[in-house]
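J.: No sequence on hand, only this structure:
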């Protein structure tokens with residue numbers, strides 16, 4: 001070997017080692033965890049769960065008093081200028097006996113009051129009230145203070161709103177579980193499809209080796225004049241078919257690996273290598289007595305009915321009495337009269353508000369009835385969906401049984417195909433079997449291998465579908 005070839009071999013070997021080192025060997029559980037971590041739908045479901053938690057806390061805050069600070073300032077060029085006309089005012093004198101003020105009437109010597117021609121009494125003395133100018137201005141008025149508001153009774157509106165927010169939070173948690181189970185199903189499908197295509201590549205390589213070895217033997221026999229050229233061509237066709245099948249299988253591996261990377265949310269060129277095999281059988285625990293009530297979809301349906309019931313209570317609260325109290329403590333300045341402020345002090349005020357609906361032309365009754373009908377519709381839809389989930393579970397159980405039976409049948413078929421190919425080879429070598437018969441036996445054996453791989457893959461699919469139908473994937 002020349003020095004150049006030796007160096008080239010070393011470089012190729014180093015590159016192969018580097019590629020092998022870069023490969024990421026991953027189990028099914030690792031792929032699930034990666035998909036759950038990077039999947040955008042799972043991220044949205046988690047954020048929605050956190051959002052509903054904040055909403056529930058916000059509605060709970062409505063039970064407690066609200067404290068706020070406010071301030072207003074008024075700028076206005078409007079003003080009022082009035083003039084009070086002067087006049088004469090009657091006078092009063094104290095009563096010596098009682099000390100009370102009494103009109104200071106002008107009287108006759110006998111004590112009888114003197115009256116004007118219009119019948120009004122005449123006073124002894126009058127006080128003169130001069131003209132007065134009044135200027136009232138609003139400009140420069142302001143107020144600042146602290147306000148406290150506390151609802152006393154709202155007809156159950158706050159309670160219903162809070163319960164609805166709590167139910168919404170619980171539904172968001174169930175939706176996160178549902179999203180989790182759906183991601184796991186998608187990941188399992190992608191993972192086992194990748195494993196399947198990898199197995200099909202191995203089978204395609206074995207089949208190519210078998211027909212290539214047969215081609216070599218037939219070619220040697222043809223060179224010795226023991227076989228016709230037609231036999232060589234027949235085997236060459238099978239070799240070409242094997243090459244094509246191998247190329248398709250390799251392309252399938254690349255596509256299935258890219259699809260698995262896409263599901264996991266990693267780069268499509270990540271060199272993922274599956275470590276679990278189709279022969280490995282984890283303890284799935286098929287339980288025919290298991291129900292579908294553990295599925296998040298079922299719990300979501302029940303929560304929707306509960307939400308509709310709470311929505312009815314919320315609507316009913318709009319037509320019940322409401323009561324609340326508000327207190328304000330602050331400083332008020334302004335409303336100047338002739339340049340002097342009329343208001344200039346701290347003050348405390350409180351308001352009790354009560355609202356009692358009396359008559360709304362049946363609006364409340366019809367709204368409540370509409371909400372109750374929606375709840376009944378939701379109950380009917382829930383019953384229908386529950387029956388469908390029960391059918392899904394039964395179908396998943398049947399698929400598991402069928403998959404196990406299919407594997408047993410395909411294993412027997414493979415054993416028969418191997419025995420048939422061995423017998424056909426021995427007879428062909430002994431001259432008792434035609435080449436076409438031997439090639440047909442090889443084809444049957446290859447198809448039996450493919451069928452067994454498909455059966456094992458279907459079992460993996462059916463196990464995942466059963467776990468989802470039984471509500472065992474979201475935990």
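T.: Thanks, I have it. Since the model is a prediction, treat every value here as computed from it, not as a measurement. Numbering: from 1, shown residues only.
J.: Where does the residue of the chain most remote from its centre fall, secondary structure wise?
T.: When distances are taken from the C-alpha mean of the chain, residue 109 lies farthest, 102.6 Å away, according to Cα atoms, centre = their mean. Using DSSP states H and E, residue 109 sits within no helix or strand.
J.: Packing partners of the helix or strand containing residue 365?
T.: Assigned by DSSP H and E, residue 365 belongs to helix 363-429. With contacts defined as 3 or more Cβ pairs under 8 Å, 6 or more residues apart in numbering; DSSP states H and E, the secondary structure elements packing on helix 363-429 are helix 296-317, helix 435-469. Using the backbone N, CA and C atoms, a C-beta is placed for each residue, glycine as well.
J.: any idea of the mean pLDDT for it?
T.: Over the span of helix 363-429, the pLDDT mean works out to 92.
J.: Can you check which of the helices and strands packed on helix 363-429 gets nearest to residue 413?
T.: Closest to residue 413 of these, according to Cβ to Cβ: helix 435-469, at 4.9 Å.
J.: could you give the angle of the closest one to helix 363-429?
T.: Interaxial angle, helix 435-469 versus helix 363-429 (axes from the mean of the first three to the mean of the last three Cα atoms, to 10 degrees): 160 degrees.
J.: Buried ones in helix 435-469, by neighbour count?
T.: Burial within helix 435-469, assessed by neighbour count using 16 or more other Cβ atoms under 10 Å, is assigned to 435, 438-439, 441-446, 448-469.
J.: so it versus helix 296-317, what angle?
T.: Computed by the same axes, to 10 degrees, the angle between helix 435-469 and helix 296-317 is 30 degrees.
J.: tell me what helix 435-469 is packed against?
T.: Secondary-structure packing of helix 435-469 (3+ Cβ pairs under 8 Å, 6+ apart): helix 157-223, helix 229-264, helix 363-429.
J.: Off-centre distance for that helix?
T.: Its chain's average C-alpha position is 39 Å from that of helix 435-469, according to Cα atoms, centre = their mean, to the nearest Å.
J.: swap in stretch 371-385?
T.: Chain-centre distance of stretch 371-385: 22 Å, with Cα atoms, centre = their mean.
J.: Repeat that for stretch 246-265.
T.: Stretch 246-265 sits 30 Å away from the centroid of its parent chain (Cα atoms, centre = their mean).
J.: Contacts for it, please.
T.: The set of residues external to stretch 246-265 that reach it, using Cβ atoms under 8 Å, 6 or more residues apart in numbering, is 31, 34-35, 37-40, 183, 186-187, 190-191, 193-194, 196-198, 200-201, 203-205, 208, 267-270, 272.
J.: Please, a PyMOL command that selects the buried ones among these?
T.: Only the buried members of the contacts of stretch 246-265 end up in this PyMOL selection, burial being decided by 16+ other Cβ under 10 Å:
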select buried, resi 31+34+35+39+183+186+187+190+191+193+194+196+197+198+200+201+203+204+208+270+272
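J.: so where is this structure shaky, pLDDT-wise?
T.: Low-confidence regions of the chain, defined here as pLDDT under 70, cover residues 1-22, 280-285, 288-289, 474-475.
J.: related to what we said a few turns ago, please tabulate the helices and strands packed on helix 363-429 in a markdown table and include distance to residue 124 as additional columns.
T.: Putting those into a markdown table (distance: least, Cβ to Cβ, whole Å) gives the following:
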| stretch | distance to residue 124 |
| --- | --- |
| helix 296-317 | 71 |
| helix 435-469 | 109 |
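J.: Which one, of the ones you listed, ends up nearest to residue 377?
T.: Nearest of the helices and strands packed on helix 363-429 to residue 377, taken as Cβ to Cβ: helix 296-317 at 8.7 Å.
J.: now the closest one against helix 157-223, angle please.
T.: Helix 296-317 and helix 157-223 meet at an angle of 160 degrees, taking the same axes, to 10 degrees as the criterion.
J.: Quick check: neighbours of the helix or strand just after helix 296-317 in the sheet, parallel or antiparallel?
T.: Once helix 296-317 ends, the next helix or strand along the chain (criterion: DSSP H and E) is strand 322-337. Using DSSP bridges, the strands paired with strand 322-337 in its sheet are strand 132-137 (antiparallel), strand 141-153 (antiparallel), strand 340-355 (antiparallel).
J.: contacts for the last one?
T.: Translated: strand 340-355. 141, 321-336.
J.: Give the buried residues for stretch 208-222.
T.: Along stretch 208-222, the positions that meet the burial threshold by neighbour count (16+ other Cβ under 10 Å) are 208, 210, 211, 214, 215, 218, 219, 222.
J.: Can you give me every residue that contacts the fifth one?
T.: Residues in contact with residue 215, defined by Cβ under 8 Å, 6+ apart, are 232, 235, 236, 238, 239.
J.: number of nearby residues for the last one?
T.: A count of neighbours around residue 239, defined by other Cβ atoms under 10 Å, yields 17.
J.: before we move on, what about the third one?
T.: Around residue 236 there are 14 other residues, counting by other Cβ under 10 Å.
J.: gap between the closest residue to it other than its chain neighbours and residue 108?
T.: Counting by Cβ to Cβ, 6 or more residues apart in numbering, residue 236 lies nearest to residue 215, which is 6.3 Å off, once chain neighbours are set aside. As judged by Cβ to Cβ, to the nearest Å, residue 215 and residue 108 stand 159 Å apart.
J.: Equivalent analysis for residue 171, please.
T.: The separation that residue 171 has from residue 108, given Cβ to Cβ, amounts to 97 Å.
J.: The two - which one has more neighbours?
T.: It is residue 171, of residue 171 and residue 108, that has more neighbours when counted by other Cβ under 10 Å, with 21 against 8.
J.: got a list of what the more buried one touches?
T.: For residue 171, the contact set (Cβ under 8 Å, 6+ apart) comprises 52, 300, 303, 304, 307.
J.: Ok, residue 74 next?
T.: For residue 74, the contacting residues are 138, 139, 140, 141, 142, 334, taking Cβ under 8 Å, 6+ apart as the criterion.
J.: Give me the distance between residue 297 and residue 23.
T.: In this structure, residue 297 and residue 23 are 38 Å apart, going by Cβ to Cβ.
J.: nope, residue 48 is what I was after
T.: When residue 48 is compared with residue 23 (using Cβ to Cβ), they lie 37 Å apart.
J.: Look at those two and report which has more neighbours.
T.: Per other Cβ under 10 Å, whichever of residue 48 and residue 23 has more neighbours is residue 48, with 18 against 11.
J.: what's the helix or strand for the more buried one?
T.: Per DSSP H and E, residue 48 falls inside helix 40-60.
J.: other SSEs contacting that helix?
T.: Using 3+ Cβ pairs under 8 Å, 6+ apart as the contact test, the elements touching helix 40-60 are helix 157-223.
J.: residues near residue 41, how many?
T.: Neighbourhood size, residue 41 [other Cβ under 10 Å]: 13.
J.: Quick check: closest non-adjacent residue to it.
T.: In space, not counting the residues next to it along the chain, residue 41 is nearest to residue 179; the distance is 5.4 Å by Cβ to Cβ, 6+ apart.
J.: And for residue 40?
T.: residue 265 (7.5 Å).
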